[in-house]
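> got a predicted structure here, sequence first:
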Amino acid sequence: MISDKVYLDYAASTPVDPKVKEAMLPFFDQFYGNPSSTHIYGQQAEAAVESARETIAQGLNCLPQEVVFTSCGSESDNLALRGAAWAARQVRNADHILISPVEHHAVSHTAQQLADLFGFELEYLPIDEHGVVNPETIKEHLRPSTAIVSVIHANNEIGTINPIAEIGAVCREKGIPFHTDSVQGAAHLPVDVQELNVDLLALGAHKFYGPKGVGALFVRRGTPLYPNQTGGSQESGLRAGTQNVPYIVGMAEAFRLAQEDHEPRQAYVQALRDRIIGRVLEEVPYTQLTGHPAERLPNHTSFAFKAVDGNNLLMLLDVQGFACSSGSACKTGNPEPSDVLTALGLPTEWGLGSLRVTVGKETTPAEVDKFLEVLPALVERNRDLNQ
């Protein structure tokens, strides 16, 4: 624990909840069998995996056999995109992929690879100035040859929440598989897959106080999907490899707690979020909020500062004891505006000055106030350095 530092990067990762850690510990040294083994040690491990699958399924409102465990949210996205695209091509000769331009790279880079190396046609959906996909535009862009549609549930960089249920209804009417990356969304939003009308939904445990290195993919029964990783028959043949039993147990407990404590957690972090947004827009000149002003993650704030170097600002904040992010954690160090901010139409002088501040259930009002006290002067200092 770094006692004199303030962590404000919960969209990048979260600390493991003590209850989650407690649930995981026995499966490192007491119940350590391989779930594929037939003896008692294997049976104990298999029972733990299947119990975790049932817990995840209950939270998603789906069948346990519709939950596939993976190593992370990115792998879940990869399996969804590649698996559905390959299957659609084989089953109905479909080769058109439709995604938003503000997807996490786990989706956008996978889709681009499918286009570059496998001959699929990749098309990007229009978005508005907040990064929202209008369900009506889905109708205009769907084709009989569309293999899969993917629209992010809640954007990791700008916090915008998309109307997933409405988009899913459009896809379902046309019989097109619909995937959503809910790696950010599942930490804060209801993820009832029946209400969301999704066929594929990706989760990552470390966004909701679970361990890193484990994720899950909801695959609606009857959705054609080919595996990316072959070798064994684990996960109904969709993801070969020995299951990570302790982490799967931890993910299930973290997901259960996130769903159980949803309302109080949301109310707590939203109050902190709104305080940050109000103060920053009021006290820092030449600043704009990125993402939707209302339909956004309850713990998420993101800004663009004119004539500011976002990476330098992060370093100044770090020296002062604050851990924040410039958009996605995967983009730290990139001297160009992010793909997301470029898609929103922000000019370079604004896009280079991005800052993401995300709070969590451990964040205190005092920590937020301390951050708000130092930010305006650091932004001004950064601007002076850039002149």
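Arrived safely.

> isn't Pro227 up against Gly83?
Yes - Pro227 lies in contact with Gly83 (C-beta atoms under 8 Å); the separation is 6.5 Å. Where C-beta positions appear, they are placed from N, C-alpha and C, glycine not excepted.

> more crowded one of these two?
Set side by side, Pro227 and Gly83 show more neighbours around Gly83, with 25 against 17, by other C-beta atoms under 10 Å.

> now do the helices in this structure.
Remark: helices assigned in the chain by DSSP state H are 18-24, 26-29, 40-60, 73-92, 105-118, 135-141, 164-174, 193-196, 245-260, 262-283, 310-319, 339-343, 348-351, 365-386.

> quick one: which of the ones you listed is nearest Thr358?
helix 262-283 (8.4 Å; C-beta to C-beta).

> in the closest one, what counts as buried?
262, 265-266, 268-270, 272-273, 275-277, 279-280 (16 or more other C-beta atoms under 10 Å).

> same deal with stretch 60-72?
Buried residues in stretch 60-72 (16+ other C-beta under 10 Å): Leu60, Cys62, Glu66, Val67, Val68, Phe69, Thr70, Ser71, Cys72.

> now tell me what touches that stretch from outside.
49-50, 52-54, 56-57, 76, 79, 191-195, 201, 204, 206, 212-221, 235-236, 238-239, 243-244, 248, 251 (C-beta atoms under 8 Å, 6 or more residues apart in numbering).

> just the buried residues out of these, in ChimeraX syntax.
Selection command for ChimeraX covering only the buried members of the contacts of stretch 60-72, criterion 16+ other C-beta under 10 Å:
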select :49,52,53,56,57,76,79,191,193,201,204,206,213,214,215,216,217,218,219,220,235,238,239,243,244,248,251
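
> would you mind measuring from Ala23 to Ser182?
22 Å (C-beta to C-beta, to the nearest Å).

> correction: Asn78
15 Å.

> and for Tyr10?
16 Å.

> Ala84 too?
16 Å.

> one step back: and the helices of the chain: which comes nearest Val151?
Nearest of the helices of the chain (C-beta to C-beta): helix 164-174, 5.5 Å.

> can I get that closest one as CSV, trimmed to CA atoms?
In CSV, the C-alpha atoms belonging to helix 164-174 read as follows (Å, rounded to 0.1, in the frame of the first residue of the first chain):
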residue,chain,number,x,y,z
ILE,A,164,-27.4,-1.6,-26.0
ALA,A,165,-30.9,-3.0,-25.5
GLU,A,166,-32.3,-1.0,-28.4
ILE,A,167,-29.3,-1.9,-30.7
GLY,A,168,-29.7,-5.5,-29.8
ALA,A,169,-33.4,-5.5,-30.6
VAL,A,170,-32.5,-4.2,-34.1
CYS,A,171,-29.9,-6.9,-34.7
ARG,A,172,-32.2,-9.6,-33.3
GLU,A,173,-35.0,-8.6,-35.7
LYS,A,174,-32.6,-9.2,-38.6
